[in-house]
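**Q** Give me a model of this one.
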Amino acid sequence: SSSSSSAYTCANCTVCPPGQQHPVCTATADSQCCDDPHCTDCSHDATQCLLCAAAYFLQPDPTTGATGCAACRQCPADQAYADCTATQDSQCCQDPHCDDCSANVTECRSCFAKYYLSAAGGGQGPVACASCTLCPTGQIHPACTATTDSACCADPHCANCAANASVCVQCQSAFYLVQENSGEMSCAGCTQCPAGQSSAATCTATQDAVCCADPHCASCVGHAGQCDQCFAGHFLNCASGAGTCQCQACTPCPAMQVHPECTATADSECCTDLQCANCTEAAAVCTECRPEFYLQTTGASSDPVCVPCATCSAAQGFFVSESCTGASNTACSQCPPAQYLPQTTIAPTQPPPTTTFAGGAALCVNCTECPVGQSHPVCTPTADSVCCTDPHCADCVSNPAQCTACLPTYYLPPAAAGPVCVACTVCPAQQIHPTCTASSDSQCCSDPNCQACAIHPSMCTACFSSFFLEYNELLGNFSCVPCTTCNHANGSYAVRPCTRTQDTVCATCVPPQQYLLEATPGAYACADCAQCPANQVHPLCTPTVDSECCADPNCAHCGENATQCTMCTDGFFLNSSTTCVGCTACPAGQQHPNCTATADSQCCATASCATCSGDANQCTACMPGFYLYSNTTTTTTDCLACTECKPADGAYTLSPCTATSDAVCHTCQPPQQYLGQNAAGEAACVDCTPCPAGQEYPVCTPTTDSQCCTDPNCVACATNAAQCTECPRREGYSLQFDRYTQTYVCGKVCNISQCAYCSSSSNS
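**A** Purely as a prediction, here's the structure:
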């Protein structure tokens, strides 16, 4: 063997369709599948197929010599001359429209539907399938058969020629049968009459339509020359005398003038009067005229006529008071007295019918009102008044610009360059000297506060109210001086009133001791101010108002009303009824919130709480001996009592109680341990002293150690460790009283030879 050997590996055999393996997969060779995927058996040679799959047949390849599979030809259903076999392809009819060629692929025996057997060359050539001729419904004669074509009607408008293609027995719609000169029947189109016309005869299967002879006739049933009804816009005129009625166009009339309206048998009748707008009763009887005309009845036997509307002359001061209507003429009026018709805006001589003038209110203008004697000229129907140029002039009859007399309270200075009225000086009553005349002004008192100066304007003899006469030595006359006014608002009142020649004498009340009191109307005097506690006065005693003490004795301030407290004294708060209520007293540090001006103290909800600054139910610090606990159920913070580690129960403190946590205790459990002290002198659990059974007294408790019997020979000393109550039951021991220790002990009878010392209790 060779020194170097090849490496071999195992490979999966190729999986071929059943029957295609050649050779099959062996220990050293792979499977060989057929080369042709449609081959089902190539057991001897992969290139030589022995059997093909369904719809395939064996076909040798002349080039390669291999045998493969070819797809069978697909023929129309039931058409195949020979079916596809394992070694031979299908044979279809040569004519694709042939339904049966079982004798020979080139010879068709029958065709598919809508095809027939036709021999070319007048029956001498080969037989083939030809397409049946398509004819309109009902025109086929004969229908297409297996060996003959369809025969359509010769006339294209024929609907039925079942017996013979050249003989029509029924035409299509809008056509009728007519016999030609040759005697053959053909289809002719029906005559179309005007739309909406009921003709003399309608088109039938064998007869044409007969239209009305008159094109305006809408109906001539029975006879084309005899019209029964005309189209709109025409009427039936039977008065021609020809024995037939004719359609005649209706006479057109102006709008609203037709009487009667054009009917089926009568023409329109227009109004006789050309200005008439409506004559519905009779053409000669007008009931309504055109605009600018009105209907006038001249007599009982006369017909109404349309008459032109009258016009009003504005130049003469006339205007239209009532417009011209259908039954009445225009009414002209002049403006009433004290009014005129301006010529600059003259009313229209003939306003349109829609324009109305109610009594001239829209046109007449009020005459300018001038004082009596000022008009020049006076107001006329067409012109306004002309007043004096000077509005204060009373008379300018000759010339509006030339005043001859003034109105009252005005005077005409004689020396004026152009006569102009001047207003009289207005003086207070009883001050005028002399009074204003037609040509001179008033002379008022020199002192404006003087009421009378009859002798001379500078010589006052009486003053107005609130003034008194005082002699002025500098001027050498009397003048009016204002009386002093005692101001009640400042607490001042008159002890002596002002007279014609003397001033007022006043006295003043000075708060906070006194204020001005009006005991009776007009009677004033000083009264003592009421004394109130500090800061309680509202209002404070003023010059005119007494002090008002707060009604509530605990009120510190009552702003605008003595019964309405606004602030309480310390230790009180103002409730909703503006009443001072004492603040609730809470333990120190428990107020939340503290008592304010308007709210009471809120003590902590629990007495053990020391501080609850945020909410009375939310404690923030506890009293000594308690710690803060958050209650998750009630979502509040409560104070719980600190756990007490009781030494009497054998408990001592591991960690002390804090503000937010409880104390942690540890309890010593007898009979193993009791509460004692460790080496550092701190509380701790100490192991109980072990004693022989039955010797413990007292037994180890939470706070005391076991006390074994003092006598080691004692079995029980239940009452006192030094007092033995039972000795061991063995020879020689008995319960004896030791008079030196005053206790009972376990002893045995002394043997002199064995005892170095015998107690007196040994009885030896």
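**Q** so where do the strands sit in the stretch 651-764 of the chain?
**A** In chain order, the stretch 651-764 of the chain shows strands spanning 651-655, 664-667, 673-677, 683-687, 734-738, 743-747, with DSSP state E, counting those that start in this stretch as the criterion.
**Q** Kindly reformat the ones you listed as a markdown table containing mean neighbour count, distance to P448 and mean pLDDT.
**A** The C-beta positions use only the backbone N, C-alpha and C, and glycine is treated the same way. Written out in a markdown table, the entries for the strands of the stretch 651-764 of the chain read as follows (neighbours: other Cβ atoms under 10 Å; distance: least, Cβ to Cβ, whole Å; pLDDT from 0 to 100):
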| stretch | mean neighbour count | distance to P448 | mean pLDDT |
| --- | --- | --- | --- |
| strand 651-655 | 15 | 103 | 90 |
| strand 664-667 | 14 | 105 | 92 |
| strand 673-677 | 18 | 116 | 90 |
| strand 683-687 | 16 | 112 | 91 |
| strand 734-738 | 15 | 143 | 85 |
| strand 743-747 | 21 | 138 | 85 |
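**Q** Distance to S576 added to the ones you listed, as CSV?
**A** Compiled in CSV, these are given as follows (distance: least, Cβ to Cβ, whole Å):
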stretch, distance to S576
strand 651-655, 50
strand 664-667, 50
strand 673-677, 61
strand 683-687, 59
strand 734-738, 89
strand 743-747, 83
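**Q** among those strands, which is nearest Q179?
**A** Nearest to Q179 among those is strand 664-667; the distance by Cβ to Cβ comes to 137.9 Å.
**Q** next one: that closest one to chain centre, how far?
**A** 70 Å (Cα atoms, centre = their mean, to the nearest Å).
**Q** Quickly note the distance from S661 to V307.
**A** Here S661 is placed at a distance of 124 Å from V307 (Cβ to Cβ, to the nearest Å).
**Q** Same question for Q275.
**A** Distance check for Q275 against V307: by Cβ to Cβ, it reads 8 Å.
**Q** Please enumerate the shared neighbours of those two.
**A** The contact sets of Q275 and V307 overlap at F293 (Cβ atoms under 8 Å, 6 or more residues apart in numbering).
**Q** quick revisit: ok, which of the strands of the stretch 651-764 of the chain comes nearest T67?
**A** Shortest distance between T67 and these, using Cβ to Cβ, is found for strand 664-667: 104.1 Å.
**Q** strand partners of the closest one, parallel vs antiparallel please.
**A** Applying DSSP bridges, strand 664-667 is found paired with strand 651-655 (antiparallel).
**Q** From the rest of the structure, what touches the partner strand?
**A** So strand 651-655 is contacted by 645, 661, 663-668, 675, 683-684, 702 (Cβ under 8 Å, 6+ apart).
**Q** what do you get for stretch 423-437?
**A** Under the criterion Cβ under 8 Å, 6+ apart, residues 392, 409-411, 440-445, 448, 450-457, 462, 464 lie in contact with stretch 423-437.
**Q** likewise stretch 267-276?
**A** The set of residues that contact stretch 267-276 without belonging to it, under Cβ under 8 Å, 6+ apart, is 235, 237, 248, 250-254, 257-262, 277-279, 283-284, 286, 288-290, 293, 305-306.
**Q** Among the residues you listed, which are located in strands?
**A** Using DSSP state E, the members of those that fall in strands are 235, 237, 248, 277-278, 288-289, 293, 305-306.
**Q** starting at the chain centroid, how far to stretch 701-720?
**A** How far stretch 701-720 lies from its chain's middle: 96 Å, per Cα atoms, centre = their mean.
**Q** before we move on, what about stretch 153-163?
**A** A distance of 75 Å separates the centroid of the chain from that of stretch 153-163, by Cα atoms, centre = their mean.
**Q** List the buried residues for that stretch?
**A** For stretch 153-163, the neighbour count (16 or more other Cβ atoms under 10 Å) marks 153, 155, 157-162 as buried.
**Q** What of stretch 12-20?
**A** 16, 20.
**Q** ok, residues contacting it?
**A** By Cβ under 8 Å, 6+ apart, the surrounding residues in contact with stretch 12-20 are 25, 30-34, 39-43, 51.
**Q** Over to stretch 328-348?
**A** When contacts are defined by Cβ under 8 Å, 6+ apart, stretch 328-348 is touched by residues 294, 296, 307, 309-315, 317-324, 350, 355, 357, 359-360, 363-367, 379-384.
**Q** same deal with stretch 664-681?
**A** Contacting residues not belonging to stretch 664-681 are listed as 643, 645, 647, 649-655, 683-688, 699-706 [Cβ under 8 Å, 6+ apart].
**Q** Stretch 200-214 too?
**A** Contacting residues not belonging to stretch 200-214 are listed as 170-171, 174, 176-178, 188, 190-194, 197, 199, 219-225, 227, 230, 246-247 [Cβ under 8 Å, 6+ apart].
**Q** Among the strands of the stretch 651-764 of the chain, which comes closest to Q513?
**A** Between Q513 and the strands of the stretch 651-764 of the chain, the shortest separation by Cβ to Cβ is 73.3 Å, and it involves strand 651-655.
**Q** Weed out the non-buried ones from the contacts of stretch 200-214.
**A** By the neighbour-count criterion of 16+ other Cβ under 10 Å, the contacts of stretch 200-214 include these buried positions: 170-171, 176-177, 190, 193, 197, 199, 219-220, 224, 227, 230, 246-247.
**Q** Mind checking which of these are in strands?
**A** 170-171, 176-177, 219, 230, 246-247.
**Q** In PyMOL, how would I select the buried members of the contacts of stretch 12-20?
**A** When burial is assessed using 16+ other Cβ under 10 Å, the buried subset of the contacts of stretch 12-20 is captured in PyMOL by this command:
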select buried, resi 25+31+32+33+34+39+40+41+42+51
